[in-house]
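Student: Take this sequence and fold it.
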Amino acid sequence: MNDVGLGLGISLRRAVIAAVLATILLMPTASRSQSAKNFVLVIHGGAGVIPKEDLTPEKEKAARATLDAALLAGHSVLARGGKSSDAVIAAIKILEDSPLFNAGKGSVLTADGTVGMDASIMDGATHKAGACADVKRVKNPIELARLVMDRTPHVLLAGEGAERLAKEHDLQFMPPEYFITEQRRLQLQRIQRLEKEKTHKAGEKKVQFNNLENIGTVGAVALDKHGNLAAGTSTGGMVNKRFGRVGDSPIIGAGTYADNLTCAVSGTGHGEFFIRGVVCYDIAAKMKYQGVTLANAADEVVMRKLKEAGGRGGVIAVDAQGNVAMPFNSEGMYRGVIRADGKTWTAIRRD
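Tutor: Numbering: from 1, shown residues only. Here you go, the predicted structure:
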């Protein structure tokens with residue numbers, strides 16, 4: 001090519017680049033920054049029976065204030081361009097530190113009067129996941145779940161092995177009495193009394209009382225500025241559970257799931273049914289293989305399949321476009337949403 005041809009080629013490329021830049025600059029601001037503004041965090045504080053006599057105005061105010069604090073903690077991460085997984089951790093830690101929810105401090109008690117906490121987290125961009133089960137002294141189990149994801153080749157560690165990893169990385173430990181509240185002591189006593197009454201009526205046969213009050217976990221799902229999804233879940237499990245019982249919360253696909261191509265989901269409810277139905281993955285699978293919307297997939301799984309199987313509970317979910325779904329088939333579900341504008345929205349019952 002001669003000098004003239006070379007010059008014309010360079011000029012043409014420059015003209016094309018200039019035209020592209022002009023087009024971008026003429027686009028509406030909202031369109032150009034849509035991806036940067038389209039971030040959202042959704043949280044839950046458990047689904048199940050919520051007796052009106054137990055939820056006094058004072059307790060409801062305190063619960064909503066804690067939900068707001070969790071939403072704002074996660075929003076702070078997302079607003080500065082942080083990762084969705086970090087926002088999920090920040091929000092869940094607030095809920096774990098509150099005695100009002102069934103995770104961390106305030107976890108329900110086992111049949112032996114102890115705590116056995118579970119947690120998990122999954123990154124939608126990498127599909128990496130980490131979980132811990134039946135831990136008793138780690139202040140924030142969700143941090144331990146992240147350690148499993150980031151620092152080991154494994155997905156799930158349980159009991160002593162999980163706590164050994166926590167010690168190696170200097171996670172904060174608390175004495176057993178830190179986790180146990182008077183409300184949970186009284187709750188266990190009431191449930192065990194009802195179980196004995198049922199057993200007495202049934203004769204000598206031992207009857208397991210399937211208590212479903214306050215069975216919910218806490219959880220969070222997020223979409224960050226970079227378009228990445230994450231989900232996390234943490235729980236004390238089911239009150240009066242047998243020693244060693246593990247529910248759905250640390251089971252990837254059952255209680256937690258995230259995939260950038262579909263959605264991020266955290267579940268709360270009767271864990272055995274969530275495990276059998278692989279509830280959180282089922283929602284993502286319906287979107288991926290059937291092409292349905294997040295709302296339709298979540299409703300189909302929670303309001304029909306889970307309910308027909310006899311399971312009670314709900315999920316929170318967000319998809320790659322920032323759409324949110326929060327279906328539950330129980331009496332209520334503590335839940336909240338925050339978007340880029342920083343305004344919090346919370347609810348407990350169907351309000």
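Student: and Arg199, that's in a helix?
Tutor: Quick fix: residue 199 is Thr, not Arg. Yes. Checked against DSSP: H, G, I helix; E, B strand; the rest coil, Thr199 lies within a helix.
Student: May I have the beta-bridge partners of Ala325?
Tutor: Here Ala325 shows beta-bridge partners Ala317, assigned using DSSP bridges.
Student: Show the model's pLDDT score for Thr217.
Tutor: Looking at Thr217, its pLDDT stands at 88.
Student: An error on my part: the question was meant for Ile50.
Tutor: Looking at Ile50, its pLDDT reads 76.
Student: swap in Ile275?
Tutor: Among the per-residue scores, Ile275 shows a pLDDT of 98.
Student: now His200
Tutor: His200 is given a pLDDT of 62.
Student: again, but for Gly332
Tutor: 93.
Student: Verify the stated contact: it with Ile348.
Tutor: Yes. Gly332 lies in contact with Ile348 (C-beta atoms under 8 Å); the separation is 5.3 Å. For every residue, glycine as well, the C-beta is placed using N, CA and C.
Student: any common contacting residues for these two?
Tutor: Ile50 (C-beta atoms under 8 Å, 6 or more residues apart in numbering).
Student: just the helices in the stretch 151-300 of the chain please.
Tutor: Under the criterion DSSP state H, counting those that start in this stretch, the stretch 151-300 of the chain contains helices at 159-168, 176-179, 182-201, 271-277, 279-290, 294-299.
Student: would a markdown table of those with mean neighbour count and distance to Val77 be doable?
Tutor: Listed next are the helices of the stretch 151-300 of the chain as a markdown table, based on neighbours: other C-beta atoms under 10 Å; distance: least, C-beta to C-beta, whole Å:
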| stretch | mean neighbour count | distance to Val77 |
| --- | --- | --- |
| helix 159-168 | 16 | 22 |
| helix 176-179 | 14 | 26 |
| helix 182-201 | 14 | 30 |
| helix 271-277 | 21 | 27 |
| helix 279-290 | 21 | 22 |
| helix 294-299 | 21 | 23 |
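Student: least reliable of those going by mean pLDDT?
Tutor: With a mean of 87, helix 182-201 has the lowest mean pLDDT of the helices of the stretch 151-300 of the chain.
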